[in-house]
Structures are given as C-alpha cells and as structure tokens.
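Undergrad: Could you look at this predicted model? Sequence included:
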Amino acid sequence: MGAYREPVVMVLAGVVVAVGALVQGAVGFGLALVAAPLLALVDPVLVPVPLLMVVTVHALLALYREHSDTDWRGVGWALLGRLPGIAIGVLAVAALPPRGFAVVLALSVLGCSLVSVLS
C-alpha cells in the first residue's frame, strides 16, 4: 500500500505504461511486453493485475477504433489462447516468490521476443 502513496513511483509507472502504449499503437503489440518487466522493477504490485486492466482497456479502445478492419476469427483464436495463459499466469503468481516471479517474467519476455524475431 505504501507504493501508492509515493507519487514518484506512480509517475514512473505512468511513463512506463505510456511508452508501452505508444509502442502498441505504432506496431500493434508491445504494451505488456514493454511495460511488464519495467513495472515489475518499479513495483511488483503493479504486475499483473493493474497492467492487465490497462491492457484490456487499451485493446477495447483499439477494437472500437478499428472495428471495420478487425479479423474476428483471429480475435476468437487469441481469446481461446488466453485461457491456458491465464491458468499458467495464476499458478506462477501464486507459487513463486516476488523475486522468482520477476525472473520468470523477464525470461518469458526475452523468450517471446526471440521467437518473434526468429519468425
């Protein structure tokens, strides 16, 4: 609860999310990829639930803006793919200590970035 009383932490978190949103808006993905590891360093309390709330609102706004160009079949597959991801994420948050969670998160981001570059 102390982190929310520190304006510097909240401003830094806001800047991190804004940069992630800028990347997301420019290339179509990246808000969570950019913001999650940095927010985990700023304050682990900000990951994953607050970030998921921001990412969800951002995605809904983009969907509203681009509804005529939306690939609804792709949206369906993406939503289906979230189910095992949510289960794995909940297990990771529940089972790992904060430091271990930060390491797993960082390795996941690096691994996904590598797969993205290779494909």
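TA: Yep, that arrived. As the structure is a computational prediction, the values presented were derived from the model and not from experiment. Numbering: from 1, shown residues only.
Undergrad: Mind giving me the packing neighbours of the longest helix along the chain?
TA: In the chain, with assignment by DSSP state H, the single longest helix is helix 72-95. Packing partners of helix 72-95 (3 or more C-beta pairs under 8 Å, 6 or more residues apart in numbering; DSSP states H and E): helix 98-118. C-betas here are computed from N, CA, C, even on glycine.
Undergrad: residues in contact with stretch 54-74?
TA: Here stretch 54-74 makes contact (C-beta atoms under 8 Å, 6 or more residues apart in numbering) with Val17, Ala21, Gln24, Gly25, Leu31, Ala32, Ala35, Val75.
Undergrad: what's downstream of the helix or strand containing the third one, the next helix or strand?
TA: Gln24 belongs to helix 7-27 when assigned by DSSP states H and E. Of the helices and strands lying after helix 7-27 in sequence (DSSP H and E), the nearest is helix 31-42.
Undergrad: I'd like to know which elements that following helix is packed against.
TA: Looks like helix 31-42 contacts helix 7-27, helix 49-65, helix 98-118 (3+ C-beta pairs under 8 Å, 6+ apart).
Undergrad: residues making contact with it?
TA: 9, 12-13, 16-17, 19-21, 23-24, 46-48, 50-51, 54-55, 58, 101-102, 105-106, 109, 112-113.
Undergrad: can you dump the C-alpha coordinates of stretch 22-34 into CSV?
TA: The C-alpha trace of stretch 22-34 is given here as CSV (Å, rounded to 0.1, in the frame of the first residue of the first chain):
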residue,chain,number,x,y,z
LEU,A,22,3.0,4.2,-27.8
VAL,A,23,4.8,1.0,-28.9
GLN,A,24,1.4,-0.8,-29.0
GLY,A,25,-0.2,1.9,-31.1
ALA,A,26,2.7,2.1,-33.5
VAL,A,27,3.3,-1.6,-34.2
GLY,A,28,0.2,-3.3,-32.9
PHE,A,29,1.7,-5.1,-29.9
GLY,A,30,4.1,-4.3,-27.1
LEU,A,31,2.3,-2.6,-24.3
ALA,A,32,2.6,-5.6,-21.9
LEU,A,33,5.9,-6.6,-23.5
VAL,A,34,7.5,-3.3,-22.7
